[in-house]
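Undergrad: pasting the sequence and the predicted model now:
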Amino acid sequence: MKKSIEIKSRILKQMDDMLKVRIDDAMQTIASAMESRNNDTKSSAGDKFETGREMIQMEINNNEIQLNKAHILQQELSKIDLHKISEKIEPGSLVITNHENYFISVAMGKIMVDDQTYYAISLASPIGLLLSGKRKGDQVSFQNRTLEIQELY
């Protein structure tokens with residue numbers, strides 16, 4: 001039990017660190033693009049100037065969307081109770097199968113802890129939908145393989 005809480009904690013820490021990098025990158029890109037847009041002076045080629053400004057604005061908008069998504073993922077992660085052990089798979093569950101290990105949270109992909117691979121997935125993902133509500137010992141078929149839930153924390 002204590003080991004599972006430690007693993008969940010380390011996975012969450014890595015996920016949080018990844019989100020912080022995404023947030024920092026998006027904020028730096030937005031700031032740089034705004035500075036570029038604000039320093040751009042109108043030239044005699046008016047259409048070229050307007051096109052350049054529009055492209056910069058699109059970059060700002062796209063990065064603001066990415067920034068917002070990262071903040072939403074951070075909020076979702078903050079709701080996970082590391083100490084909750086459930087009889088069925090739900091957000092916060094650490095699922096050990098005969099093939100892969102899953103941390104049910106938000107979709108962030110592969111996370112390594114002590115040379116062990118865990119996949120951070122959401123319940124809305126294809127595998128998450130199959131696993132949702134399952135219990136230790138249950139099996140699901142995914143990508144022509146049978147996954148047996150060996151442990152659930």
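TA: Arrived safely.

Undergrad: now do the contacts for the residue nearest to the spatial centre of the chain.
TA: The centroid of the chain falls nearest to residue 108 when counting by Cα atoms, centre = their mean (3.1 Å). By Cβ atoms under 8 Å, 6 or more residues apart in numbering, the residues touching residue 108 are 15, 18, 73, 120. The C-beta positions use only the backbone N, C-alpha and C, and glycine is treated the same way.

Undergrad: quick check: the last one vs residue 70, distance?
TA: As for residue 120, its distance to residue 70 is 14 Å (criterion: Cβ to Cβ, to the nearest Å).

Undergrad: what mean pLDDT does stretch 32-43 have?
TA: Stretch 32-43 shows a mean pLDDT of 77.

Undergrad: to clarify, my last question referred to stretch 108-115.
TA: 96.

Undergrad: list the buried residues in that stretch.
TA: Judged by neighbour count (16 or more other Cβ atoms under 10 Å), stretch 108-115 contains these buried residues: 108, 111, 113.

Undergrad: chain center to that stretch, what's the gap?
TA: 12 Å (Cα atoms, centre = their mean, to the nearest Å).

Undergrad: now do stretch 90-107
TA: 13 Å.
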